[in-house]
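**Q** With the sequence up front, the predicted model follows.
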There are 2 protein chains.
Amino acid sequence: MTSLVRHITFDCLDPYRLAQFWSEVTGYQEDPDDPNLPDHIEHLILPPDGGPGLLFVTVPDGKTVKNRLHLDLQPRDRTRDQEVERLLGLGATLVDDRRVPDGKGWVVLADPEGNEFCVLRSAAERA
Amino acid sequence: MTSLVRHITFDCLDPYRLAQFWSEVTGYQEDPDDPNLPDHIEHLILPPDGGPGLLFVTVPDGKTVKNRLHLDLQPRDRTRDQEVERLLGLGATLVDDRRVPDGKGWVVLADPEGNEFCVLRSAAERA
């Protein structure tokens, strides 16, 4: 008697652009059989190994305040700092640098529509 | 060169209460070895089969506008309507009933701190 988390859904002005950005971030891919694909009103990208997809839906209004929900990301095969550089290169912006001198901490970035997310240390860095 | 979605993080006034609610919704459980468990500043609940956890962190401010990110839920072993009734009984509130006469559609609920989420049809209902 529970529910599956099927999607994490983002309200967007430009769901295609945001889906492209998050696909680069996560490696999730759009399903070519998705019937919504051609209409550009919403876009769904899915992880290759199951789990919640990221769904981007069009809304008329832009973001106004800090999001109450956000994603925490852990680099798979790079360090936190390498991944931050990669994501800035993809169009993310720096919101808050919470790295501390002992190597711990995280970095808050925002996606191209200003949605905040955090980049944590990789599993190797945490070990 | 990608990042894993490690947590979906909720800013909360009462992370313990919200973690309890979402644990009932999803079946995710708190890790008894979590070093943050006793301090009640943050709570993390994890799915039994891997995948992103739900992390609840204390912030000073309450929710002010509709969330830009939300979760879409799919009942595992009940119908959409049965799950909506269960979740209302757990303390969710009704935000928007988007069910339509042909049986499709969804229901927007909010958790005890007002975070919107959607209840979709079960896999059996969509089949």
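**A** Structure received. This one's a predicted model, so the numbers in the text were calculated from it and none came from an experiment.
**Q** residue ranges for the strands of chain A, please.
**A** A:3-12, A:29-30, A:42-46, A:53-58, A:69-75, A:93-99, A:105-110, A:116-119 (DSSP state E).
**Q** how close does the residue nearest the centre of chain A get to chain B?
**A** Central residue of chain A (Cα atoms, centre = their mean): A:Trp22, 4.8 Å from the mean position. A:Trp22 sits 10 Å away from chain B, taking Cβ to the nearest Cβ, to the nearest Å as the criterion. C-betas here are computed from N, CA, C, even on glycine.
**Q** try A:Asp102
**A** For A:Asp102, the distance to chain B - Cβ to the nearest Cβ - is 17 Å.
**Q** Quick one: residues contacting A:Leu87.
**A** A:Val25, A:Leu109, A:Val119, B:Ser3 (Cβ atoms under 8 Å, 6 or more residues apart in numbering or on different chains).
**Q** could you redo the last one with a cut-off of 7 Å?
**A** A:Val25, A:Leu109, A:Val119 (Cβ atoms under 7 Å, 6 or more residues apart in numbering or on different chains).
**Q** Am I right that the second one is in contact with A:Ala92?
**A** When you say that, I think you mean A:Leu109. Yes. Under the criterion of Cβ atoms under 7 Å, A:Leu109 makes contact with A:Ala92 at 4.2 Å.
**Q** Which of those two has more residues huddled nearby?
**A** Using other Cβ atoms under 10 Å in any protein chain shown, the more surrounded residue of A:Leu109 and A:Ala92 is A:Leu109, with 24 against 21.
**Q** Any idea what the more buried one is bridged to?
**A** A:Leu94, A:Phe117 (DSSP bridges).
**Q** A:Glu30 now?
**A** Here A:Glu30, judged by DSSP bridges, has bridge partners A:Ile45.
**Q** tell me, how many neighbours does it end up with?
**A** Counted with other Cβ under 10 Å, A:Glu30 comes out at 17.
**Q** contacting residues around it?
**A** A:Glu30 sits in contact with A:Ala19, A:Leu37, A:His43, A:Leu44, A:Ile45, where contact means Cβ under 7 Å, 6+ apart.
**Q** Okay, domains of chain A per the record?
**A** By the assignment in automatic domain parsing, chain A contains the domains A:7-58, A:71-126.
**Q** Look up the closest residue to the residue nearest to the centre of chain A, ignoring the ones flanking it.
**A** A:Leu54 (5.3 Å; Cβ to Cβ, 6 or more residues apart in numbering or on different chains).
**Q** For the one you found, give its distance to B:Leu69.
**A** Computed as Cβ to Cβ, to the nearest Å, the A:Leu54 to B:Leu69 distance reads 10 Å.
**Q** Touching both of those two, which residues are there?
**A** With contacts defined as Cβ under 7 Å, 6+ apart, the residues shared by A:Leu54 and B:Leu69 are A:Ile8, A:Phe10.
**Q** residues from chain A in reach of chain B?
**A** A:1-11, A:25-27, A:51-52, A:55, A:63-65, A:67-78, A:83, A:86, A:115, A:120 (Cβ under 7 Å from any Cβ of the partner chain).
**Q** Buried subset of the residues you listed as a ChimeraX selection?
**A** Remark: buried members of those, expressed as a ChimeraX selection using 16 or more other Cβ atoms under 10 Å in any protein chain shown:
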select /A:2,3,4,5,6,7,8,9,10,11,25,26,51,52,55,63,67,68,69,70,71,72,73,74,75,78,83,86,115,120
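**Q** thinking again about what came up before, which one of the contacts of A:Leu87 is nearest to B:Gly105?
**A** A:Val25 (30.9 Å; Cβ to Cβ).
**Q** Any idea what the nearest residue to that closest one once chain neighbours are set aside is bridged to?
**A** Leaving aside its chain neighbours, A:Val25 sits nearest to B:Ser3 (5.8 Å; criterion: Cβ to Cβ, 6+ apart). Applying DSSP bridges to B:Ser3 gives these bridge partners: A:Pro75.
**Q** Return the distance of B:Ser3 relative to A:Pro15.
**A** Taking Cβ to Cβ, one finds B:Ser3 at 20 Å from A:Pro15.
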